[in-house]
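Participant: give the three-dimensional model of this entry:
(chains A, B, C and D)
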Number of protein chains: 4
Amino acid sequence: MIIFFEPEAPEASIAFTEQLASRFPGISPRRHVYQGRSHVVTEVHLIGSTKTVPTEVFEGLPDVARVVRVSTKYRLIGRHDDRSESIGFTYNGVRFDERAVHVFAGLCAVDSPPMVERTFAALQAAGIVTTRAGAYKPRTSPYDFQGLGADCLPWVFEIAGRYGLRVVAMEVTDARHIDEILRALEQSGHATGVMLQVGTRNAQNFELLKQVGQQKTLPVLFKRGMGITLEESLNACEYVASEGNPNIVFCLRGVKTHLGDPHRNLVDFAHVPVIRRQSKLPVCIDPSHSVGGARGAPDGLPDIFHVTGQGLIAGASMVLIDFHPEPEKALCDGPQALRLEQLPRFLSYVRRVREAYEDVTAPGS
Amino acid sequence: MIIFFEPEAPEASIAFTEQLASRFPGISPRRHVYQGRSHVVTEVHLIGSTKTVPTEVFEGLPDVARVVRVSTKYRLIGRHDDRSESIGFTYNGVRFDERAVHVFAGLCAVDSPPMVERTFAALQAAGIVTTRAGAYKPRTSPYDFQGLGADCLPWVFEIAGRYGLRVVAMEVTDARHIDEILRALEQSGHATGVMLQVGTRNAQNFELLKQVGQQKTLPVLFKRGMGITLEESLNACEYVASEGNPNIVFCLRGVKTHLGDPHRNLVDFAHVPVIRRQSKLPVCIDPSHSVGGARGAPDGLPDIFHVTGQGLIAGASMVLIDFHPEPEKALCDGPQALRLEQLPRFLSYVRRVREAYEDVTAPGS
Amino acid sequence: MIIFFEPEAPEASIAFTEQLASRFPGISPRRHVYQGRSHVVTEVHLIGSTKTVPTEVFEGLPDVARVVRVSTKYRLIGRHDDRSESIGFTYNGVRFDERAVHVFAGLCAVDSPPMVERTFAALQAAGIVTTRAGAYKPRTSPYDFQGLGADCLPWVFEIAGRYGLRVVAMEVTDARHIDEILRALEQSGHATGVMLQVGTRNAQNFELLKQVGQQKTLPVLFKRGMGITLEESLNACEYVASEGNPNIVFCLRGVKTHLGDPHRNLVDFAHVPVIRRQSKLPVCIDPSHSVGGARGAPDGLPDIFHVTGQGLIAGASMVLIDFHPEPEKALCDGPQALRLEQLPRFLSYVRRVREAYEDVTAPGS
Amino acid sequence: MIIFFEPEAPEASIAFTEQLASRFPGISPRRHVYQGRSHVVTEVHLIGSTKTVPTEVFEGLPDVARVVRVSTKYRLIGRHDDRSESIGFTYNGVRFDERAVHVFAGLCAVDSPPMVERTFAALQAAGIVTTRAGAYKPRTSPYDFQGLGADCLPWVFEIAGRYGLRVVAMEVTDARHIDEILRALEQSGHATGVMLQVGTRNAQNFELLKQVGQQKTLPVLFKRGMGITLEESLNACEYVASEGNPNIVFCLRGVKTHLGDPHRNLVDFAHVPVIRRQSKLPVCIDPSHSVGGARGAPDGLPDIFHVTGQGLIAGASMVLIDFHPEPEKALCDGPQALRLEQLPRFLSYVRRVREAYEDVTAPGS
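Facilitator: As a prediction, this is how the structure comes out:
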């Protein structure tokens, strides 16, 4: 059972409600506070078997907006009724929710300071404050390039700071990486920020999910597991939230099946509206790993543009996308990277499709 | 090898080229004439092993635009070079190609004259001339409703004609059905027209493909097979074309895998640009069978709208979609049908997303 | 509802039961007679809504063994209770059921009289009376070899007869093929017999299923559809049975998914016991199309042997397998064909694994 | 490049070869020693680019058996030529290789000392020294039972020791678990041994793979990832080996797809011979998680028996299988557990099918 309070509900009302809830045997209240766009929203979750707890007891209390019985599934991340919003979060001065559009353009794998510098400079020139940069690369074979690891963090963060980048999405595959990133961020004087990325191969690495959930400093970008159902992936996000970190972005990146050929994966962006219906998480799409190549249609647009448009027109608000100054020299996944020269056109494309989305969903449209 | 001629190339030039080609041992020329939007385009295909035939011989000839060596794969339906267009076709006064947008809204299964009448009246009111109406229903179990069959054709065609519908998409599962349809159309005084639909379960029913290819009166709407690759589906269309009927529309309808849950199928509309790159066929999407339900996102739009938008923003020009006056009374697939009241909003949605597509692909955009 | 009679129940008892059933409004009885190994078994099916018909009325009647309410799903092919047997059938002097083991070894595609002769001679030498021979080949591309068609039937049947082969499994893809086969069999003086094969691509070609079901002369070997569930495939067999032909063998042949690599398909023979539990159909396996290659394990056995063993040890009683005198010259699927020299070892392998199966399932084992 | 030495090759010959190899620029030799059934086998792997290193240089050296160029893929676990054996390993007095048959029968999740005691007593009575016992359970939802964790290790190991069990297969999901197990084993006075299990959800958790590879005390049982190809899974094992631990067992457990219905997963045991051809790893099968239920065929055997037989008849030498004294009370996956009373019949079944396998692969068979 979740008790939703009116925005800016006073502490007294919340505390009283918690006290009341505690009197039911076996029930303990747990408070969750979300910082929304314009106001603070509080929920009190009743933990324990609430079968015999009547909702009416709480519905009449001061400042209580409504009371909803929820299944344990998706208790924290679920969108339990139509009125609840994707509240989102603010990190390092940047707002992430279902209305703010962000493009995390950047390097699948960090390779060298000059490449990073050229990329980040292009982002700044385009007015972007979010990027991606892979330091720890999970690779199918132990003999493939595994990423530069902790060594590159100092100069990556320094350059990011220099070009005004506020948030770097960065995959981690071990708790140790989180520590290394936090330390390097501190040593850089917090030149930039990091969103921890949980990759598709670790989508059900529950220990890692708990670890990114236990720290509350950095938000989490979770990528759908490639051989698992959407439900299993949402359950994985619930692990993160249940450890205490509600600042999660859900990212689609295609699923693996021969039916997706000639694309690298079968693009699954039709699930954008499903995620929004079932959860409160803002939705990101990764067109690069979905498509896996740079070929285009006779209309002049690469497939990567087209599937980006598909995510946006259905309501995704974030895009994670590979760019590289010289894709043919990239150490990892070069063929799917767009060239920096394509960045302005890509951003213009994103803006225009998003406008179309806002247009078709405007009230009265 | 394909010899492309300039538009409106004179008969003399074409005939001379054919004569010349015939002199190479083992080679026989075959002429293909396409009626495009504004002019007639002719191709001469050289059948036989062309390995030792030099392209230069033909490249200098009068009215020859260019000469392309093609693999036998997709010889007829393939888009063999960037300059070749999806030529499309005109049927019963309606233009079908990659620029003309059409919505085939209608009944998954024909049930009764009043339902058909209400549906067709709504289409006319909305200014639509294309519809779908299922008379022959392939059903998983022999004990399910199998469609009204040939009996309903006379009154379906009569009502269609009365409401100005020009083309009815109708699935056939046997050569006999083609004959029945042709006869009923004639008996109706050609009140309307029919586009023969090959369903996903018959996507590799090569005998049926040959039969719809051998008749050239009615165009063909081919639906991707649900457990086969895109390449296998395009090969199936090549069967139709190789029997003589080039008037084919390729329709995506989702693929079957548990990874698509909670949708009925995993939506595969990311393949729209791939089909356009690999073939000259105009592309249709079927959001109803892909999604299989009427639920929506918090932005107020049903998933069926969202995936329709995904197809259109990537370049599809046709939509096959289930509507029903009373979905709860539909004999087949009711849960996925939209209500007639939703038609105007749906059409407005289609128009606006298509405009966005045209905007982002306009030259210089 | 199905009324099962004791073996050899007298006509009077059956007729009386049918009369009684007819008195219930909306109910019509339909009699099904199966020729088992040692006796004739009769069932009377009550067609119509039997919700209000009590089973007790029939249970006390003379010669009635038992009365079972069945779902409409698998009404005819279903194994409705543990006591019911896979009754099987006899065709052209050969018994097919869940106890008789048969190997349909032969040519995926008929190519030439000498190849057919060498193959059939080897079968006779090995004591086999069942074979496979493909005259009509459904191929992915229209430009691939499509089989010799009706032309080869006379000499294939003549050679088969000469070498004592009683049943040739032969794929058909159109009703016309059934007629051609029946005519050629007759013209050959019934030199041999044919089991009509419905291929994986036609597993939901319901028109073809009805056509092989409407003729009762030839039995049917149905191959599971490669992208559909087992339930959908069993429903397809119910189509055949519901048209009147109960002589069906169910054949597994692997399902298509990238997870099966490096095999051509993911072998699905774990479904052998499921098919036997859910239906009365005897089960065949096709190791050649499942594996698609001739490589072997360090224990000296090719994968094709290993998966054959997997089918047999789980209770399959038939094997459909490609052999060729010179696989490298085969017109179709050569790489997966075993060489005729391997036939004796293969048959010995089959016999020994089947013995192990009988050993582990023997009463008291 | 791998230099294989004759069994029991003297140190001097190996050291000389290493010296010689070191003289090639950019090449460093790495020695791998395997304890086989009857003798010690040594390989020297040349690390670095060996393109310009001639094999002839080493082929003539004393005690060198042969020299093989290998791709980097599967360098350590690969079966690089037909003569190389699955060498296997001995742990805690038990031999694991492709000839020794072991059944790891036990509890999917440890629940209580009485249940564990009843299970282990039954195993001892049946003459078994290997078991499975889950202390750390990775569960889809954070609100499901997560296993008893480190707390249960002392009494699980104590009871195991008391009933003569030598090796307990136990899943770990974090490096911390390895430490906890090693400590508890030591505190128990090494009452038993543990084989670390890497579960299907962690099949590409490369950090975990490295960690189980870095310790060399305990062997590793690796379960195929459920949405990934066999090649990707074998690459994962190469991670373990490349960190220093060659004692790996490869376990198949079915793959996830709707095509496996009504089984929990689509059984993939046809890959047994493929793993043996491509790698030197002994192969285990997990029939419980593949099938996921206890239903049986009309021949009286549960599907779990049937698929076990399928693994064994194709050459698997180990079985991981769920048993429970009272499946209806199991905290996890109860429906798929066999009852302890079924153990003797199961073991007899395993023995007889294995005998059949040995019979059909015996030389001259």
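Participant: going by C-alpha atoms from here, please, whenever you check contacts or count neighbours.
Facilitator: Noted.
Participant: name the SS class of the residue of the stretch 201-350 of chain A found nearest chain B, please.
Facilitator: Residue nearest to chain B within the stretch 201-350 of chain A (CA to the nearest CA): residue A:310, separated by 4.4 Å. With DSSP: H, G, I helix; E, B strand; the rest coil as the basis, residue A:310 sits in helix.
Participant: that one is in contact with residue B:310, isn't it?
Facilitator: Yes - using CA atoms under 8 Å, residue A:310 is in contact with residue B:310, at 4.4 Å.
Participant: returning to what we had before: show me the contacts for the residue of the stretch 201-350 of chain A closest to chain B.
Facilitator: Going by CA atoms under 8 Å, 6 or more residues apart in numbering or on different chains, residue A:310 touches A:269, B:270, B:309, B:310, B:311, B:313, B:314.
Participant: switch to 6 Å and redo it
Facilitator: residue B:310 (CA atoms under 6 Å, 6 or more residues apart in numbering or on different chains).
Participant: how close does it sit to residue C:117?
Facilitator: 58 Å (CA to CA, to the nearest Å).
Participant: residues of the stretch 1-150 of chain A that sit close to chain D?
Facilitator: Neighbours of chain D within the stretch 1-150 of chain A, by CA under 6 Å from any CA of the partner chain: A:141, A:142.
Participant: for the residue in chain A positioned nearest to chain D, give its distance to residue A:266.
Facilitator: For chain A and chain D, the shortest gap (CA to the nearest CA) falls at residue A:227, measuring 4.1 Å. Here residue A:227 is placed at a distance of 11 Å from residue A:266 (CA to CA).
Participant: what pLDDT does the nearest residue to residue A:33 once chain neighbours are set aside get?
Facilitator: Leaving out its chain neighbours, the residue that sits closest to residue A:33 by CA to CA, 6 or more residues apart in numbering or on different chains is residue A:42, at 4.5 Å. The score at residue A:42 is 89. That number is its pLDDT.
Participant: so residue A:42, which state does it fall into?
Facilitator: Following three-state DSSP, we place residue A:42 in the strand state.
Participant: contact partners for the residue of chain A closest to chain D?
Facilitator: Contact analysis of residue A:227 by CA under 6 Å, 6+ apart lists residue D:227.
Participant: what about 8 Å?
Facilitator: Counting by CA under 8 Å, 6+ apart, residue A:227 makes contact with A:255, A:256, B:259, D:226, D:227, D:228, D:256.
Participant: name the residue closest to the centre of chain A, please.
Facilitator: For chain A, the residue nearest the mean C-alpha position is residue A:249 (2.0 Å; CA atoms, centre = their mean).
Participant: strand partners of the helix or strand harbouring that one, parallel vs antiparallel please.
Facilitator: Assigned by DSSP states H and E, residue A:249 falls within strand A:248-252. Taking DSSP bridges as the criterion, strand A:248-252 pairs within the sheet with strand A:220-223 (parallel), strand A:283-285 (parallel).
Participant: picking that back up, any idea which of the contacts of residue A:227 is closest to residue C:165?
Facilitator: Residue C:165 has its nearest neighbour among those in residue D:256, at 41.7 Å by CA to CA.
Participant: model confidence for the closest one, exactly?
Facilitator: For residue D:256, pLDDT reads 92.
Participant: and for the spatially closest residue to it that is not a sequence neighbour, the neighbour number?
Facilitator: Leaving aside its sequence neighbours, residue D:256 sits nearest to residue D:265 (CA to CA, 6+ apart; 5.0 Å). Using other CA atoms under 10 Å in any protein chain shown, residue D:265 has 20 neighbouring residues.
Participant: got it, and residue A:262?
Facilitator: For residue A:262, the neighbour count with other CA under 10 Å is 16.
Participant: ok so, going back, wait, a strand at the residue of chain A closest to chain D?
Facilitator: No - counting by three-state DSSP, residue A:227 is not part of a strand but coil.
Participant: backbone phi and psi for it, please?
Facilitator: In terms of degrees, to the nearest 10, the main-chain angles of residue A:227 are phi -110, psi 10.
Participant: cool, the one 5 residues further on as well?
Facilitator: When quoted as degrees, to the nearest 10, the phi and psi of residue A:232 stand at phi -60, psi -40.
Participant: neighbours around it, how many?
Facilitator: Neighbours around residue A:232, by other CA under 10 Å: 18.
Participant: do the one 5 residues further on as well
Facilitator: Each residue near residue A:237 was counted by other CA under 10 Å, and the total is 33.
Participant: show residues contacting the strand holding residue A:249.
Facilitator: Against strand A:248-252 from outside (CA under 8 Å, 6+ apart): A:219-224, A:237, A:241, A:268-269, A:272, A:281-286.
Participant: how does it look with 7 Å?
Facilitator: A:219-224, A:268-269, A:281-286 (CA atoms under 7 Å, 6 or more residues apart in numbering or on different chains).
Participant: tell me where the stretch 251-365 of chain A has strands.
Facilitator: A:283-285, A:318-324, A:338-339 (DSSP state E, counting those that start in this stretch).
Participant: let me know the closest of the contacts of strand A:248-252 to chain C.
Facilitator: Each of those was checked against chain C using CA to the nearest CA; the closest is residue A:268, at 17.4 Å.
Participant: excluding chain neighbours, what is closest to that closest one?
Facilitator: In space, residue A:268 is closest to residue A:254, 5.0 Å off (CA to CA, 6+ apart).
Participant: identify the residues contacting the one you found.
Facilitator: So residue A:254 contacts A:226, A:265, A:266, A:267, A:268, A:290 (CA under 7 Å, 6+ apart).
Participant: kindly recompute the last result at 10 Å.
Facilitator: Residue A:254 sits next to A:200, A:223-227, A:260, A:263-269, A:285-291 when contact means CA atoms under 10 Å, 6 or more residues apart in numbering or on different chains.
Participant: where does it fall, phi/psi-wise?
Facilitator: The phi and psi values for residue A:254, taken as degrees, to the nearest 10, are phi 90, psi 160.
Participant: state the distance from it to residue A:287.
Facilitator: Residue A:254 is 8 Å from residue A:287, by CA to CA.
Participant: now do the shared contacts for these two.
Facilitator: By CA under 10 Å, 6+ apart, the residues touching both residue A:254 and residue A:287 are A:267, A:269.
Participant: so for the closest residue to residue A:1 other than its chain neighbours, what's the pLDDT?
Facilitator: Nearest residue to residue A:1, sequence neighbours excluded (CA to CA, 6+ apart): residue A:69, at 4.3 Å. Note on residue A:69: pLDDT of 83.
Participant: pLDDT on the longest helix along chain A, on average?
Facilitator: As assigned by DSSP state H, the longest helix anywhere in chain A is helix A:343-361. Taken as a whole, helix A:343-361 has a mean pLDDT of 97.
Participant: who touches residue A:309 in this structure?
Facilitator: By CA under 10 Å, 6+ apart, the contact list for residue A:309 reads A:269, A:287, A:303, A:315-316, A:349-354, A:357, B:309-314, B:357, B:360.
Participant: three-state assignment of residue A:185?
Facilitator: Of the three states, residue A:185 takes helix under three-state DSSP.
Participant: look up how far chain C lies from it.
Facilitator: 41 Å (CA to the nearest CA, to the nearest Å).
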